[in-house]
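Trainee: Have a look at this prediction, sequence included:
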Amino acid sequence: MGVIFGWIIKLLGSGVLDSVLKYFEAKANNDTERQRIAALRDQHMATEQASVIREGMAHKAFWIPWLIATVPLAAWFGWGMLDTLFNGALPDVASIPPGLEPWAQKAWDNVFFTGGGVAAATVIARSIARR
């Protein structure tokens, strides 16, 4: 098999082999470049999304609907935890309707995200103030 392959390469000449290798090298470079551009695009989109969220959270109008959504959700969760703590002695908590569940999950995630951000900012501010 190797003899046949060697004979074919000699027949075609080294110019053809160089052309084939250059083609595969150019193709690899193009794929790498495409992946680099896609990564830069994704990074830019994430940065823009974060800046939009940061700007939105700076306005007081953002916090009104956020509190309208999260305060009852926190109360619902707290009631469920108390019901579990007292072994079902309290009235049962209704389940979240399926249509609202994705929104409730997003709000619940944001409660912890925002709380974590505030806690981190507080720790950083206190450490700066001590110096």
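Mentor: Thanks, I have the structure now.

Trainee: out of everything not next to it in sequence, what's closest to residue 79?
Mentor: residue 93 (5.1 Å; CB to CB, 6 or more residues apart in numbering). (C-beta placed from N, C-alpha, C; glycine too.)

Trainee: And the one you found, how close does it get to residue 101?
Mentor: 14 Å (CB to CB, to the nearest Å).

Trainee: Comparing the two, which residue is more hemmed in?
Mentor: residue 93 (16 against 11; other CB atoms under 10 Å).

Trainee: Which secondary structure element is home to that one?
Mentor: Using DSSP states H and E, residue 93 is not contained in any helix or strand.

Trainee: On the pLDDT front, check it for me.
Mentor: If you check residue 93, the pLDDT there is 79.

Trainee: just use 19 as the starting number from now, easier for me
Mentor: Sure thing, new numbering starts at 19, so read that last one as residue 111.

Trainee: mind checking how far it is from residue 128?
Mentor: 21 Å.

Trainee: okay, now the domains of this structure?
Mentor: 19-76, 78-149 (automatic domain parsing).

Trainee: weakest of the ones you listed by average pLDDT?
Mentor: domain 19-76 (a mean of 74).

Trainee: phi, psi of residue 112?
Mentor: Here is the backbone geometry of residue 112 (degrees, to the nearest 10): phi -70, psi 150.

Trainee: Just give me the neighbour total for it.
Mentor: 9.

Trainee: ok, it to residue 98 distance?
Mentor: 10 Å.

Trainee: Residue 144 now?
Mentor: 33 Å.

Trainee: what about those two, which has more around it?
Mentor: Neighbours were counted for residue 144 and for residue 98 using other CB under 10 Å; residue 98 has more, 15 against 9.
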